[in-house]
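1. Have a look at this prediction, sequence included:
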Amino acid sequence: MKRDVELSILDELLRQLDEKRNVDAGVMFRNPTSVYTSAEIARQEVQSFFRGHPQLVALSGSLPEPGSYLTVEDFGVPILATRDSDGRFRAFVNACRHRGARVAEGSGKSAAFKCPFHNWVYSNRGELTAIPLPEQVGALDRKCHGLVELPAVESGGLLWVHPRADGSIDLDRQLGELGEEIASWGFGELVPIGETVIDGRLNWKLANDTFGETYHFSRLHRNTLGQVFHGDALGYEEFGRNHRFVIATRAIDELRTRPRNEWSLLEATSPLYYLFPNIQLSFGRGTASLIKMYPDPEHPEDPGRSRTRVVHYFSRELIAQAEHTGDDVHRVTAENAYEYEAGREMVLTLSSFTEVFDSTIEKEDYLMGEHQQKAAESGQVEHLVFGRNEPALHHYHTHFREALGMAPLERIDP
Ligand code: FES
Ligand SMILES: [Fe+2]
């Protein structure tokens, strides 16, 4: 991130905190609850956003070396993503060209994939390399029967796949100047340390909405995240359909007594990128949490169910440091996570971070989301309100509606 941007975000957050005001969109909107319950909208979303749009599947560290692979079953097209023997990121439809069985499961390292059904074998470049009993099967041009390859781009430590073979990925268009900023954080250096899956009875957009304002921090999260973060203040900027959302931690208070040249965004805030349509990428010093929200893959056209995957990534340095101090980065208790002490090394709270982060989403945010879903499904509440202090919700809902050709959100005029 450019230094002047970093300082301007910190200045703005400090100003808001001093003046006890939040970011102000200057306008309120009415959001129809039907967007969370309409089967027709759900159907269009699956086609446009999940089968017809590039998908951020992981950070580069999930394919750490040549031969690494991972599989994805979240958005209707089964994906096998590989780092081939030359280190190049590739993606294929995870379906055997004989009769369509999956050729790979889970993730790991392998130079070849043997279909479990009749044992046709594919390289990690997708080539069909072996067929048992070819004389009985018949003559077949192997070159035309490799795995179906999909557009795949690795950029700035992010792994993107287009779920259609005839699709294209244009990150300059999709991310604009945000692409360069994202690349500046070195996400590609991070190592995945665990994943949490939350299947909830809430529309996937309600899941995303919980990341769209800090108004609830000091209320819903009073005893959890509210202890670490300042709610009711936000460094916010839009980049096309994406946005940057920066939340101040309580450590920002100390900046006032420190020289400006020592100020650092990651020391005093927790930034989050929303990447259209379904990604929240939250990060800190040596950490990132990739949050991916989908319509329930088992019932993709049921608007009342969703699946969230949260994958946590840490830097090698931080993992080594945590191991050195005896901190178990994989399993920690919730109690010590919020013992915030000024000046204390963040690593102590980071090790607790993954568990608490996930349980806060599940037990606090998504609980609200499930209530909101029921209210929407009752059919008795037609509209919800997006306040002036919730511009990220305005932005997200404006763009998803526009992408589906829906009428814009209605303003609430005082
Ligand atoms: S379906 Fe894969 S080998 Fe037959
Ligand atoms: Fe929340």
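-> Arrived safely, thanks for sending. Numbers count the residues shown, from 1 in each chain. Ligands and ions are numbered 1, 2, ... in the order given.
2. Do a quick rundown of the strands in the stretch 251-400 of the chain.
-> With DSSP state E, counting those that start in this stretch, the ranges of strands along the stretch 251-400 of the chain come out as 269-275, 279-284, 287-295, 306-314, 383-386.
3. Return the list of strands paired to the first one, each annotated with direction.
-> Sheet neighbours of strand 269-275, with direction, are listed as strand 242-248 (antiparallel), strand 279-284 (antiparallel) (DSSP bridges).
4. Of all the strands of the stretch 251-400 of the chain, which one is nearest residue 373?
-> When those are compared by CB to CB, strand 306-314 sits nearest residue 373, at 9.2 Å. C-betas here are computed from N, CA, C, even on glycine.
5. got the angle between that closest one and strand 279-284?
-> 30 degrees (axes from the mean of the first three to the mean of the last three CA atoms, to 10 degrees).
6. re earlier: make TSV from the strands paired with strand 269-275 and add mean neighbour count and distance to residue 27 to it.
-> Supplementary listing: those in TSV, determined by neighbours: other CB atoms under 10 Å; distance: least, CB to CB, whole Å:
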stretch	mean neighbour count	distance to residue 27
strand 242-248	23	16
strand 279-284	20	24
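7. Tell me which of those strands sits nearest to ligand 1.
-> With respect to ligand 1, and counting by CB to the nearest ligand atom, the nearest of the strands paired with strand 269-275 is strand 279-284 at 32.4 Å.
8. Show which residues not belonging to that closest one make contact with it.
-> Around strand 279-284, the neighbours that count as contacts under CB atoms under 8 Å, 6 or more residues apart in numbering are 56, 182, 185, 187, 208, 211, 266, 270-275, 288-293, 346, 350.
9. coming back round to it: tabulate the strands paired with strand 269-275 (a markdown table), appending mean pLDDT and distance to residue 384.
-> Rendered in a markdown table, the data for these read as follows (pLDDT from 0 to 100; distance: least, CB to CB, whole Å):
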| stretch | mean pLDDT | distance to residue 384 |
| --- | --- | --- |
| strand 242-248 | 97 | 20 |
| strand 279-284 | 96 | 20 |
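10. just to revisit the earlier point, so can I have JSON lines of the strands of the stretch 251-400 of the chain showing distance to residue 130?
-> Putting these into JSON lines (distance: least, CB to CB, whole Å) gives the following:
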{"stretch": "strand 269-275", "distance to residue 130": "39"}
{"stretch": "strand 279-284", "distance to residue 130": "38"}
{"stretch": "strand 287-295", "distance to residue 130": "34"}
{"stretch": "strand 306-314", "distance to residue 130": "33"}
{"stretch": "strand 383-386", "distance to residue 130": "57"}
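11. out of all of them, which helix in the protein is the longest?
-> When secondary structure is assigned using DSSP state H, the longest helix within the chain turns out to be helix 3-19.
12. So what's the residue count around residue 141?
-> The burial metric for residue 141, expressed as a neighbour count using other CB atoms under 10 Å, is 7.
13. And the strands paired with strand 269-275: which comes nearest residue 399?
-> Shortest distance between residue 399 and the strands paired with strand 269-275, using CB to CB, is found for strand 242-248: 8.9 Å.
14. Enumerate every residue touching residue 221.
-> Counting by CB under 8 Å, 6+ apart, the residues that residue 221 touches are 229, 231, 360, 364.
15. cool, and residue 237?
-> Contacts for residue 237 (CB under 8 Å, 6+ apart) come out as 243-244.
16. What of the one 5 residues further on?
-> With contact taken as CB under 8 Å, 6+ apart, residue 242 is in contact with 174-176, 178, 273-276.
17. Quick check: it vs residue 139, distance?
-> Per CB to CB, to the nearest Å, residue 242 is found 50 Å from residue 139.
18. one step back: reformat the contacts of residue 242 into CSV and put distance to residue 297, neighbour count and pLDDT next to each item.
-> As requested, the contacts of residue 242 are arranged in CSV below (distance: CB to CB, whole Å; neighbours: other CB atoms under 10 Å; pLDDT from 0 to 100):
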residue, distance to residue 297, neighbour count, pLDDT
174, 23, 18, 97
175, 25, 24, 97
176, 30, 14, 95
178, 28, 20, 97
273, 24, 22, 98
274, 21, 24, 98
275, 20, 22, 98
276, 20, 20, 98
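19. Adding distance to residue 152, write those out as JSON lines.
-> Rendered in JSON lines, the data for these read as follows (distance: CB to CB, whole Å):
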{"residue": "174", "distance to residue 152": "14"}
{"residue": "175", "distance to residue 152": "16"}
{"residue": "176", "distance to residue 152": "21"}
{"residue": "178", "distance to residue 152": "20"}
{"residue": "273", "distance to residue 152": "21"}
{"residue": "274", "distance to residue 152": "22"}
{"residue": "275", "distance to residue 152": "17"}
{"residue": "276", "distance to residue 152": "19"}
